[in-house]
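Peer 1: Here is my input, please return the structure:
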Amino acid sequence: MHHQWLRFDHAGKTGFGTLHGDHVREHQGDMFGACEPTGRMLALADLQLRTPTTPGKVIALWNNFHALGDKLGLSVPSEPLYLLKAPNSYLAHGEVIRKPLDDSRIVFEGELGIVIGKVCTAVDEDDALEHVFGYTCSNDVTAADILNRDVSFPQWVRAKGFDTFCPMGPVVATGLDPSMLTVTTRLNGEVRQSYPISDMRFSVPQLVSLISFDMTLYPGDVILCGTSIGVGSMKAGSLIEIEIEGIGKLGNRFE
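Peer 2: Numbers count the residues shown, from 1 in each chain. The predicted structure is shown next:
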């Protein structure tokens, strides 16, 4: 069933619920387990949105789309290539992406995020989707010049792990077929990316299964599926928006 779940701050407390137009039906319990409506409907305008989940880890894919891999002349990987983004980088919809003190070109990467819903260890591909709660929009922000600054050590985690460098949201949407989704990224209202998730080298079930053989995935963990052609730099004052039909639009300014 299709639902749009979100987390929010209201009256000094953090809660969660489902989006219904310009209101949220508040729930209590565990978003990934047993929960039920409290009976309260809250005006969305009165809420401060948080990241839709609080991941123990965010896993970010590299070279997972045919179009970008072909453009860059990258060989086809035999297994998923990924890094981890630090918890300090998590950022909610509407909050500001901050430029680090290090002088570097800051790049946006619009991506689909897979949100894990059940503990997942060494899961077969056929069973992988049973461990997926839903999907969210994400921006895998990168300090591009830092990445290969030292020729002896590519600095993936540092380049992608600065404070505010992992916007996610605004919701986690359930009941979607990820293979039918399209990621659209706009910079100051101009479309810079528009690509189908069906172009992924490793599908959602494959990613969840293969990564679960490397490390246990827990409810709330997020897998960023990687990005495709059209990534680019952001200047101070820019508005970057990631939109996926059925999920919504993630928007953040870069300052």
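
Peer 1: can you pull out the helices in the stretch 151-255 of the chain?
Peer 2: Under the criterion DSSP state H, counting those that start in this stretch, helices of the stretch 151-255 of the chain are mapped to 156-160, 204-212.

Peer 1: Including distance to N188, could those helices go into TSV?
Peer 2: All C-beta atoms are positioned from the backbone trio N, CA, C, and that covers glycine. Output for the helices of the stretch 151-255 of the chain, formatted as TSV (distance: least, C-beta to C-beta, whole Å):
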stretch	distance to N188
helix 156-160	23
helix 204-212	31
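
Peer 1: want to try CSV for those, with mean neighbour count and distance to T121 as columns?
Peer 2: CSV is the format used below for these (neighbours: other C-beta atoms under 10 Å; distance: least, C-beta to C-beta, whole Å):
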stretch, mean neighbour count, distance to T121
helix 156-160, 20, 24
helix 204-212, 21, 6
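
Peer 1: Adding mean pLDDT and distance to G39, write the ones you listed out as a markdown table.
Peer 2: Shown next, in a markdown table, are the helices of the stretch 151-255 of the chain (pLDDT from 0 to 100; distance: least, C-beta to C-beta, whole Å):
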| stretch | mean pLDDT | distance to G39 |
| --- | --- | --- |
| helix 156-160 | 96 | 42 |
| helix 204-212 | 98 | 35 |
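
Peer 1: Go through these and name the closest to M41.
Peer 2: Among the helices of the stretch 151-255 of the chain, the nearest to M41 by C-beta to C-beta is helix 204-212 (32.4 Å).

Peer 1: and of the helices of the stretch 151-255 of the chain, who's closest to P219?
Peer 2: Shortest distance between P219 and the helices of the stretch 151-255 of the chain, using C-beta to C-beta, is found for helix 204-212: 12.9 Å.
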